[in-house]
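In: Sequence and predicted structure below; questions after.
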Amino acid sequence: MMHSQRIAAPNQAMWTREIPFIDPVAAAARLRSLPGLAFLDSAMRHDPLGRHSIVAADPFARFRFRDGRATLDGAPVPGGPFAALRACLTPYRIEPDPENPFPGGAIGYLAYDLGAALERVAAPARRAGLTDDIALNFYDTALVIDQAAGTARLVATGFPTLEPAARQARAAARLAAFADRLGTEPAEAPGQSRKQLAWHSNFDRQGYENAVEKVRAYIRAGDIYQANIAQRFTADLPAEFDPFALYRRLRATNPATFGAYQELEGLTIASSSPERFIRLDGRHVETRPIKGTARRLDDPEADRAVAEALQANVKERAENVMIVDLLRNDLSRVCAPGSVAVPTLCGLETYANVHHLVSVVTGQLRDGLDALDLLEGTFPGGSITGAPKIRAMDIITEIEGDARELYCGAIGRIGFDGAMDTSIAIRTVFMDAHQAVLQAGGGVTLLSEPGPEYDETLAKAARVFEAFA
């Protein structure tokens, strides 16, 4: 098969190769035999949110932060989490190319519990230990699929080689090797028998409703305005369970703009998140908090009425506005004075199982700051903590008992060009070889009713459970 290839000038930051358009899932399947598959998947088409999908594999380095210690390929890196990460990324900085939304870079996650390394917050009573606080793999080669334009482009940087000629030679070899793999059908995977998993929660209905009442008591006492409370579901996995097959079902039952699948050492992530946490494009910052949820109905007229009622719901709008105020404050810590704006307040977005109220908060990153400063100033996302953030985080830890680990952290990419896009890790399963974990929660305000709040968590988890059945 013939491919077109653009040969870069020696001072160009990256090399690219166009290949025939390929379905993103097929691309991920064909690269899955390589280590460290990462698939950022716009399973729900939406321009611009659901336009690009990115598939990468065979990372050249692995950054981890756990128990207050950063490592690169197992070797210690001095400094706090973001200082250490910046030191590891700095040698690979390249100039942006408007034609390439992702020129290679770091893909992975920041666990919710990283917040304890950034702020003085209470420690949870229990932590399963399935996740690191940060796990990011560095990818020198990636496939960028533009679903709107119908194009597929391989991008290679030649890293970790830094000498120009050797770097260009490595990039050319990587482009050729990935193009060959993507042009070859993988062996058919054996069929997998599916059975209903036995999910167990750390809350029963009464326990969760009591938790809602406890949050309302804190609100009446003046501690907080709201807090996000979640239940944690766990299930044992059968032998020979195929997490990629699960993800394929998940994206079919619950397509989302910020889907993700990643295979790490001993941990696999399958996510169908609808919520952007934070994006940096040049100096432009955007966050899209979700607050306000209603279960969809089969009857179109009734479903439309549910959506209209959600937009008019005083409690849901108040909750959304409070989080918008929190995020405006978070962004003002790192954005230029006067640049923070709210172009959309309580807009309606519709997904397979639910309607959501979504706001958009934007700003311009201050000169001298970068994507890691932006993360450090805003993590974890205010939409999944509460307000005020630090006190809400302490109350969450007290009530939930279990560490959230990946849930309500962030999943996404930090490009070697300095750009970043991350989602909030909701509607997200993380698994080792033996156990799957799924969490679902909601924001609690003084106007919350315990029964409906519990039902909302089940509505959010329902389509994920379906993917396992």
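Out: Noted; the coordinates are in hand. Residues are numbered from 1 along each chain as shown.

In: how close does Val358 get to Leu175?
Out: 38 Å (Cβ to Cβ, to the nearest Å). (Each C-beta comes from the backbone N, C-alpha and C, glycine too.)

In: next one: Ala13
Out: Between Ala13 and Leu175 the distance is 15 Å, computed by Cβ to Cβ.

In: So for the two, which residue has more residues nearby?
Out: The neighbour count for Ala13 versus Leu175, taken as other Cβ atoms under 10 Å, is higher for Leu175 (21 against 18).

In: SS state for the more buried one?
Out: Secondary structure for Leu175, judged by DSSP: H, G, I helix; E, B strand; the rest coil, is helix.

In: just the one 5 residues further on next, same as before
Out: Here Asp180 takes the helix state, with states given by three-state DSSP.

In: Near it, how many other residues are there?
Out: 12.

In: just Ala239 next, same as before
Out: Neighbour count of Ala239, defined by other Cβ under 10 Å: 6.

In: Which of the three states applies to it?
Out: Ala239 - assigned by three-state DSSP - is coil.

In: quick one: it from Asp281, how far?
Out: Counting by Cβ to Cβ, the gap from Ala239 to Asp281 is 44 Å.

In: Check the gap between the nearest residue to Ala352 once chain neighbours are set aside and Phe233 for me.
Out: What sits nearest to Ala352 in space, not counting adjacent residues and going by Cβ to Cβ, 6 or more residues apart in numbering, is Asn254, at 5.0 Å. In this view, Asn254 and Phe233 are 15 Å apart by Cβ to Cβ.

In: what about the spatially most central residue of the chain, is that helix, strand or coil?
Out: Nearest to the centroid of the C-alpha atoms of the chain, with distances taken as Cα atoms, centre = their mean, sits Ile411, at 2.7 Å. State at Ile411, reduced to three classes by three-state DSSP: strand.

In: what's near enough to touch it?
Out: 108-109, 258, 260, 262, 269, 271, 273, 422-423, 425, 428 (Cβ atoms under 8 Å, 6 or more residues apart in numbering).

In: For this protein, spot the helix or strand the model is least confident about on average.
Out: Within the chain, confidence by mean pLDDT, DSSP states H and E is lowest for strand 4-6 among all helices and strands, at a mean of 39.

In: The protein: helices as residue ranges?
Out: For the chain, helices defined by DSSP state H occupy the ranges 24-31, 81-89, 115-118, 164-182, 205-220, 243-253, 300-312, 314-332, 371-378, 389-400, 450-468.

In: Please produce CSV containing these, extended by mean pLDDT.
Out: Below are the helices of the chain laid out as CSV (pLDDT from 0 to 100):
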stretch, mean pLDDT
helix 24-31, 97
helix 81-89, 98
helix 115-118, 92
helix 164-182, 97
helix 205-220, 98
helix 243-253, 94
helix 300-312, 94
helix 314-332, 92
helix 371-378, 97
helix 389-400, 96
helix 450-468, 92
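
In: So what sits opposite the residue nearest to the centre of the chain in the bridge?
Out: Beta-bridge partners of Ile411, counted by DSSP bridges, are Tyr109, Ser423.

In: I'd like the distance between it and Ala440.
Out: Ile411 sits 16 Å away from Ala440, going by Cβ to Cβ.

In: now Arg288
Out: Distance from Arg288 to Ala440, by Cβ to Cβ: 19 Å.

In: Looking at these two now, which is surrounded by more residues?
Out: Arg288 (27 against 22).

In: What pLDDT does the model give that one?
Out: Arg288 is assigned 94 on the pLDDT scale.

In: Tell me, how many residues neighbour the closest residue to it other than its chain neighbours?
Out: Leaving aside its chain neighbours, Arg288 sits nearest to Arg276 (4.2 Å; criterion: Cβ to Cβ, 6+ apart). Neighbour count for Arg276, taken as other Cβ under 10 Å: 23.

In: for the one 5 residues further on, same thing?
Out: Residues contacting Asp281 under the criterion other Cβ under 10 Å number 16.

In: in the sheet, who's paired with it?
Out: Beta-bridge partners, per DSSP bridges, of Asp281: His284.

In: Could you measure from it over to Arg153?
Out: Taking Cβ to Cβ, one finds Asp281 at 18 Å from Arg153.

In: So Glu275 is in contact with Ser359, correct?
Out: No. Applying Cβ atoms under 8 Å as the test, Glu275 and Ser359 come out as separate, 10.9 Å apart.

In: Span of stretch 100-120 from start to end?
Out: With Cα to Cα, to the nearest Å as the measure, the ends of stretch 100-120 fall 39 Å from one another.

In: Would you mark the buried spots in that stretch?
Out: For stretch 100-120, a neighbour-count test (16 or more other Cβ atoms under 10 Å) marks 100-118 as buried.

In: Give me the phi and psi angles of the closest residue in space to Gly104 that isn't next to it in sequence.
Out: Distance criterion Cβ to Cβ, 6+ apart; nearest residue to Gly104, sequence neighbours excluded, is Thr157 at 4.4 Å. Dihedral pair for Thr157: phi -110, psi -20, per degrees, to the nearest 10.

In: give me every residue that touches Thr157.
Out: 13-15, 92, 94, 103-104, 140-141, 167, 171, 416.

In: 7 Å - rerun?
Out: If a contact means Cβ atoms under 7 Å, 6 or more residues apart in numbering, then Thr157 has 14, 94, 103-104, 140, 171, 416 as its contacts.
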